[in-house]
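Q: dropping a prediction and its sequence here:
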Protein chains: 2
Amino acid sequence: MTTIQDIAHLANVSSATVSRVINKNGYVSKSTKEKVKQAIQELDYVPNSQAVSLKKGSTKTLGIISTDFFDTASVLLRSFTMEAQKEGYNVTIFITNQNKQKELDALEMLKSKQLDGIFLLYRTNEWEIIEKYEKYGPIVTLNRVDSDIIPSVYMDQYSGYLLGLEHLYNTGCRKIINLYSNESGLNTQIRIKTFEEFAQKYHLPSHDPSLFINLAGTKDGAQAARWFHQQTEKPDAFMCASDSVAAGFVAEAMHLGYIAGEDYSIIGFDNIFLSEMLDITTIHYPVDLQAENAFRLIYQRLVNKEQQVQSLDFKLIQRGSTKRTIY
Amino acid sequence: MTTIQDIAHLANVSSATVSRVINKNGYVSKSTKEKVKQAIQELDYVPNSQAVSLKKGSTKTLGIISTDFFDTASVLLRSFTMEAQKEGYNVTIFITNQNKQKELDALEMLKSKQLDGIFLLYRTNEWEIIEKYEKYGPIVTLNRVDSDIIPSVYMDQYSGYLLGLEHLYNTGCRKIINLYSNESGLNTQIRIKTFEEFAQKYHLPSHDPSLFINLAGTKDGAQAARWFHQQTEKPDAFMCASDSVAAGFVAEAMHLGYIAGEDYSIIGFDNIFLSEMLDITTIHYPVDLQAENAFRLIYQRLVNKEQQVQSLDFKLIQRGSTKRTIY
């Protein structure tokens, strides 16, 4: 690595003179300036940008933390990065694998000014520990958090889930089974409540939420399809917490001889490309806009100027998996 | 932001004394040391880590550059990050969207020491431009490159593609159609050559490569399925350049009334979870190990110590989409 001393040596001037030329302060004669510039070019000297950002107290780098980067998390990563890049920020990713220390390491980088802000997708530590880092820079999270300190780009799952249930009811489905995701999540709690209110309103049979809970991916969906196969009195429809679960169900049911939208109805959630590919009705919500909003909330704090936050709405995407109407 | 001066003021000592305590050099009496440490704790002072890394001349940050982060690129990102994190490196991502300047910005960060090394997945600039940055730090790329300067973790597609073709032949398929990916890629050129040699060896009918070329995703696969539907003399099998294309074909063909492994045979490539879910035979290659090797090649240069690079092999994963044998 070329140093100022190397340049001074080659140009046959003092280091102080080189420094004056680089920083453009103090008098240097035109001919000396030329000599120094030539030496800089010859030695391919680059001013150390860490030293530059040190002066500014900003690295123009944001962190994005998640337990992993599959499915929607990868869509969030992409949108967040694209939006950040527009304003000249780079994004460093942290995969915690649910390791608390790894998450703390990333949060510590906010404290030591290596990161300007953090988008925390899926946390591992308790909120009260995370909140302590907020004073060092903006932290924004994805899901609802009962904290006045950490803002989130949360969307209330109630209206989204209800859209799906009402659509099943309108196509004549009466016996509906819910495939819920992780038991401790606020989203699951809201969905259970939504279904219970819905079932009560239309006098439909309810079911124990624990029948299908903690379903995470395609394999869990496939297992539910095998359960469906074994039932003598089959339900009319399945409402899933994610497209991955719905896709796993549809693919496995197909192998067992059941066609979605003919032998049963099913609705996914997320509108990832899996559901489009398998022609599964789903609930779309703007993951990309959520990530853009997360950046804007962070950016707002960094530049101390209000940013426009986009409004977020759920939408039912009707596809083949709910094409039949039961009379 | 707390400064050394703030601490000196609170502890009622000189800045030089504070500096001696922080950097642990020079004599400071035990009682003074205590006072300074208390002030540091009280003011929640954090030594600026940029200043620390400035001294070391390393940021412990690697860049990963790609045109986008879908499908295999997201698997590569994940494995590379996990491996880098193990050695204490963080990974910053750059989505170029095929914008040459965006790629150059990232490469410039190698020059200005903001990045220690780069894993370049899918490039946008010419190699001769990229090569110029190699002297500033290690750059490793994914696919084969005719350059002595930039190493890659390339796997020769010839043997992988041939595995699939031979399997189709062994299950009695004679009329085989190839669904190729991007025309200008070296991988596509190798696959075309592989098929032509294979067809010649077994005296099988060949076809114009341009029949299906530049296929990128599920939608392109679906279009090929519609072509299949229209043919009066249908081919026996399809050999695809990716699982996405194969999955799009299988899903669309299913809607048109054709079952994979019964009405036609099909093989994907990559072994992403889509192919597992849809029960599609595919060619597995260790994307995760490729990414780990990429990190090891970079790390080797950074620590100047040879790292073990893992050997990479293709494997045929036989599934339902090639279950029939034609006699």
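A: Structure received.
Q: all helices of the stretch 1-150 of chain A, in order?
A: Per DSSP state H, counting those that start in this stretch, the stretch 1-150 of chain A carries helices over the ranges A:4-11, A:15-23, A:30-43, A:49-56, A:71-86, A:100-111, A:127-131.
Q: can you give me the angle the fifth one makes with helix B:100-111?
A: Regarding helix A:71-86 and helix B:100-111, their directions subtend 90 degrees when assessed with axes from the mean of the first three to the mean of the last three C-alpha atoms, to 10 degrees.
Q: pull out the buried positions in helix A:71-86.
A: Neighbour counts over helix A:71-86 (16 or more other C-beta atoms under 10 Å in any protein chain shown) mark A:71-85 as buried. Glycine gets a C-beta too; all of them are placed from N, C-alpha and C.
Q: distance of A:E196 from A:Y169?
A: Applying C-beta to C-beta, to the nearest Å, one obtains 14 Å for the distance of A:E196 from A:Y169.
Q: who's more crowded, the two?
A: A:Y169 (17 against 13; other C-beta atoms under 10 Å in any protein chain shown).
Q: separation between that one and chain B?
A: Counting by C-beta to the nearest C-beta, to the nearest Å, the separation of A:Y169 from chain B is 26 Å.
Q: pretty sure that residue belongs to a helix, no?
A: Yes: under DSSP: H, G, I helix; E, B strand; the rest coil, A:Y169 sits within a helix.
Q: residues near the nearest residue to it once chain neighbours are set aside, how many?
A: Sequence neighbours aside, A:Y202 is the residue nearest to A:Y169 in space, at 6.0 Å (criterion: C-beta to C-beta, 6 or more residues apart in numbering or on different chains). Other residues lying near A:Y202 total 11 when counted by other C-beta under 10 Å.
Q: same check on the one 4 residues further on?
A: Around A:S206 sit 13 other residues, with neighbours defined as other C-beta under 10 Å.
Q: need the phi and psi values for it.
A: phi -100, psi 180 (degrees, to the nearest 10).
Q: is it true that it touches A:A199?
A: Yes: counting by C-beta atoms under 8 Å, A:A199 is a contact partner of A:S206 at 4.5 Å.
Q: OK, contacts around the nearest residue to A:K323 once chain neighbours are set aside?
A: Of all residues not flanking A:K323 in the chain, A:G261 sits nearest, at 4.2 Å (C-beta to C-beta, 6+ apart). Taking C-beta atoms under 8 Å, 6 or more residues apart in numbering or on different chains, we find A:G261 in contact with A:279, A:320-324.
Q: again, only using 7 Å
A: A:G261 makes contact with A:320-324, according to C-beta atoms under 7 Å, 6 or more residues apart in numbering or on different chains.
Q: I'd like to know how far A:Y154 sits from A:E103.
A: Here the criterion is C-beta to C-beta. By it, A:Y154 lies 20 Å from A:E103.
Q: more neighbours: those two, which one.
A: A:E103 (23 against 15).
Q: mind showing which ranges of chain A have poor pLDDT?
A: Applying pLDDT under 70 to chain A picks out residues A:1, A:25, A:46-57.
Q: return the residues of the stretch 101-250 of chain A in contact with chain B.
A: Applying C-beta under 7 Å from any C-beta of the partner chain, we find that the stretch 101-250 of chain A lies next to chain B at A:111-114, A:218, A:247-248.
Q: now the residues you listed as CSV including neighbour count?
A: Formatted as CSV, those follow (neighbours: other C-beta atoms under 10 Å in any protein chain shown):
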residue, neighbour count
A:K111, 16
A:S112, 16
A:K113, 22
A:Q114, 23
A:T218, 25
A:A247, 29
A:G248, 28
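Q: now for those residues: which two are most distant?
A: Distance extremes for those: the farthest pair is A:K113 and A:G248 at 44.1 Å, using C-beta to C-beta.
Q: tell me the SS of A:A294?
A: A:A294 - assigned by three-state DSSP - is helix.
Q: how about the contacts made by it?
A: A:80, A:119, A:140, A:153.
Q: next step: the residues you listed restricted to strands.
A: Cross-referencing the contacts of A:A294 against strands under DSSP state E gives A:119, A:140.
Q: which of the contacts of A:A294 lies closest to chain B?
A: Closest approach to chain B among the contacts of A:A294 (C-beta to the nearest C-beta): A:F80, at 10.1 Å.
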